[in-house]
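*Asks:* here are the coordinates; sequence isn't available:
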């Protein structure tokens, strides 16, 4: 029997080295993450909103859109995918449905945050959080709804930017009591705060989130491991890199009428076909024509 991706993720977490998890926003970015040699990836709402809607992460995406995006990514790769469940799209009963739909799609882990809906990116201004007791019940519902005990339930709190670090740490402890397997305290604002979180949760699967230009200083994986973190997300690296690259490529095309000056920064036709495994499909086509 094939090992589940949830089981595979738990095995990766148990290894001595911190797990580096880049964010994918579509099948192609997922394919590249896998090709480079990472062991797991993240599907985050920030990049899905940007790539699908060209809109900021302010709660526009529905559960249906997120499940569809998740399934496309999961179907493209063999790696475990950690999925952004946002606020669960409602009350604890909505969280149950989110777990069911994400688990059917093949998620290895699901993140649920304690923001007021409509939520927004954790590094943006103007966040609000629901009462801790309400999110306790959401995490409890998520934990009880999963079909596989290996599915990782991640509790995220955005309380640091609203109520302060001490309140965020207290919420983290409560959410672990509710049944969360891992904890994600969003947007600590200094290395000292990261260190405090690591000390408070020394026996916990602890997640750091590195957003280029965000509120948290971007430390290396090794530095974060020394502070007590188990997993580090790089959720926006792909979407930021693609936006930068396309801006440069299209500017060159507009200015010169050609991509000749930019082609050294691009894959060519043959290289791209290799990336998307064209030969595999040509062989299949040949097989069924014989």
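*Replies:* Right, received. Where do you want to start? Predicted model, so just to flag it, every value in this text is computed and none were measured.
*Asks:* how much space between residue 168 and residue 224?
*Replies:* Per C-beta to C-beta, to the nearest Å, residue 168 is found 17 Å from residue 224. From N, CA and C alone the C-beta is placed, and that goes for glycine too.
*Asks:* The two: which is more packed in?
*Replies:* residue 168 (26 against 23; other C-beta atoms under 10 Å).
*Asks:* contacts for the helix or strand containing residue 233?
*Replies:* Here residue 233 sits within strand 231-234, counting by DSSP states H and E. With contacts defined as C-beta atoms under 8 Å, 6 or more residues apart in numbering, strand 231-234 is touched by 13, 18-23, 42, 44, 82, 182, 205-210, 221, 224.
*Asks:* average pLDDT for that strand?
*Replies:* Mean pLDDT, strand 231-234: 98.
*Asks:* after that strand, next one along is what?
*Replies:* Where DSSP H and E defines the elements, the next helix or strand beyond strand 231-234 is helix 237-256.
*Asks:* Next SSE downstream of that next one?
*Replies:* Downstream of helix 237-256, the next assigned helix or strand under DSSP H and E is helix 269-275.
*Asks:* From the contact counts, what lies against that following helix?
*Replies:* Using 3 or more C-beta pairs under 8 Å, 6 or more residues apart in numbering; DSSP states H and E, the elements in contact with helix 269-275 are helix 27-36.
*Asks:* same thing but at 10 Å, please
*Replies:* Under the contact criterion of 3 or more C-beta pairs under 10 Å, 6 or more residues apart in numbering; DSSP states H and E, helix 269-275 touches helix 27-36, helix 278-287.
*Asks:* The first one: how far from the chain's middle?
*Replies:* Once both centres are worked out by C-alpha atoms, centre = their mean, to the nearest Å, helix 27-36 turns out to sit 14 Å from its chain's centre.
*Asks:* now do the last one
*Replies:* For helix 278-287, the distance between its averaged C-alpha position and the chain's averaged C-alpha position is 33 Å (C-alpha atoms, centre = their mean).
*Asks:* likewise stretch 12-26?
*Replies:* With C-alpha atoms, centre = their mean, you get 10 Å for stretch 12-26.
*Asks:* and what of stretch 267-277?
*Replies:* The chain centroid and the centroid of stretch 267-277 are separated by 26 Å under C-alpha atoms, centre = their mean.
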